[in-house]
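Trainee: This is a predicted model, with the sequence first.
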Amino acid sequence: MDSVLITGANRSIGLELTKQLSKKGLFVYLGTRDLEKGNEVVKELNENGFQNIKAIQIDVTNSDSILAAKNIVEKEHGKLDILINNAGISGELPQNASNTSITQIKKVFETNFFGVISVTQTFLELLKKSEKPRISNITSGLGSLTLHSDPTWKYYDFKTAAYGTSKTALNAYTVTLAYELKDLPFKVNAIDPGYTATDFNHHNGPGTVESAASFIIKHTVTDENGPSGQFFSNDIEDETGISPW
């Protein structure tokens, strides 16, 4: 049974990813900072027919926590097939470039950028043991420099000096990582679930968590001919879903 680790999986899109991947027959490690809350979520999922799910404590800003999670996965499965770097924070709004504090920006980057790198680097050893390793970095359309330079883009006026820039950096890291792993069976992509109504944005987005999770899975659970080093967005209205960087 293939295994998947989803960070930030105890609510919203991460939780829906857990449900859908469980139904697809994968063993899901539900990554959560609070193990007690994670176990409560898994219990409820089990009661509703979702199986092969285990809560695993992982704080993406804490290297000891990440290593402990890696050791659990290694002991129980010996490998990891899919890593979905879903954990993220928005930071306090508004985020003007002229006065958003360095402390605020660093806090957002610590989770959205450095946290992804820490988790990915720690789990690469286990991913390399998989026959079809996949890494999906959950990003945002707000990380697209091309779209942010287009006055006709519907989110053009929503600039964020911490959140958006952290996702731009994450996109750049995704490209670099995909290139490094291009001669191995890895598929590494940045995936934007679109503007989705979640706890993250006080349920203001027009998209649903079901659509967001399905989109992420579509571009994660791919065959050997699937793309790597690409940026997909659920807000792009063509069949490719490819977003400009």
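Mentor: The structure has been received and is ready for your questions. Residues are numbered from 1 along each chain as shown.

Trainee: Buried residues of stretch 87-95, list them for me.
Mentor: Using 16 or more other CB atoms under 10 Å as the test for burial, stretch 87-95 gives 87-91, 95. For every residue, glycine as well, the C-beta is placed using N, CA and C.

Trainee: Dump the residues you listed into CSV; add distance to G143 as well.
Mentor: Shown next, in CSV, are the buried residues of stretch 87-95 (distance: CB to CB, whole Å):
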residue, distance to G143
A87, 16
G88, 11
I89, 14
S90, 13
G91, 14
Q95, 13
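
Trainee: Return the closest of these with respect to E47.
Mentor: Distance ranking of those against E47, using CB to CB, places A87 first at 25.2 Å.

Trainee: dump the residue contacts of the residue lying closest to that closest one once chain neighbours are set aside.
Mentor: Closest residue in space to A87, ignoring its immediate chain neighbours: G8 at 3.1 Å, by CB to CB, 6 or more residues apart in numbering. By CB atoms under 8 Å, 6 or more residues apart in numbering, the residues touching G8 are 14, 31-32, 60, 86-88.

Trainee: Now those residues in TSV, please, with extra columns for distance to I53 and secondary structure.
Mentor: Converted to TSV, the contacts of G8 look like this (distance: CB to CB, whole Å; DSSP: H, G, I helix; E, B strand; the rest coil):
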residue	distance to I53	secondary structure
G14	12	helix
G31	11	strand
T32	11	strand
V60	19	coil
N86	15	coil
A87	17	coil
G88	21	coil
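
Trainee: Distance-wise, check the residue nearest the centre of the chain relative to N52.
Mentor: What sits nearest the mean C-alpha location of the chain, by CA atoms, centre = their mean, is N86, with 2.5 Å. Distance, N86 to N52, by CB to CB, to the nearest Å: 18 Å.

Trainee: Then V175?
Mentor: Distance, V175 to N52, by CB to CB: 33 Å.

Trainee: before we move on, what about D59?
Mentor: Using CB to CB, one obtains 24 Å as the distance from D59 to N52.

Trainee: out of those two, which sits in the busier spot?
Mentor: Just comparing D59 and N52: by other CB atoms under 10 Å the higher neighbour count belongs to D59, 20 against 14.

Trainee: residue ranges for the helices of this structure, please.
Mentor: For the chain, applying DSSP state H gives helices covering 12-23, 35-47, 63-77, 102-109, 115-127, 145-148, 163-180, 209-218.

Trainee: Show me the one of those that comes nearest T198.
Mentor: helix 12-23 (3.9 Å).

Trainee: what does the closest one rub up against?
Mentor: 4, 6-9, 28, 30-31, 41, 45, 50-53, 84, 86-87, 138, 193, 196, 198-200, 209-210, 212-214, 216-217, 221.

Trainee: In that helix, which residues are buried?
Mentor: Buried-residue list, helix 12-23, by 16+ other CB under 10 Å: 12-22.

Trainee: sorry, back to before: which one of the buried residues of stretch 87-95 is nearest E239?
Mentor: Closest approach to E239 among these (CB to CB): G88, at 26.9 Å.

Trainee: I'd like to know how far the closest one sits from I138.
Mentor: Using CB to CB, one obtains 7 Å as the distance from G88 to I138.

Trainee: Please apply the same query to W153.
Mentor: Distance, W153 to I138, by CB to CB: 20 Å.

Trainee: Look at T196 and report its pLDDT.
Mentor: T196 is assigned a predicted lDDT (pLDDT) of 85.

Trainee: Spit out the contact partners of it.
Mentor: With contact taken as CB under 8 Å, 6+ apart, T196 is in contact with 12-13, 205, 207-209, 211-212, 234.
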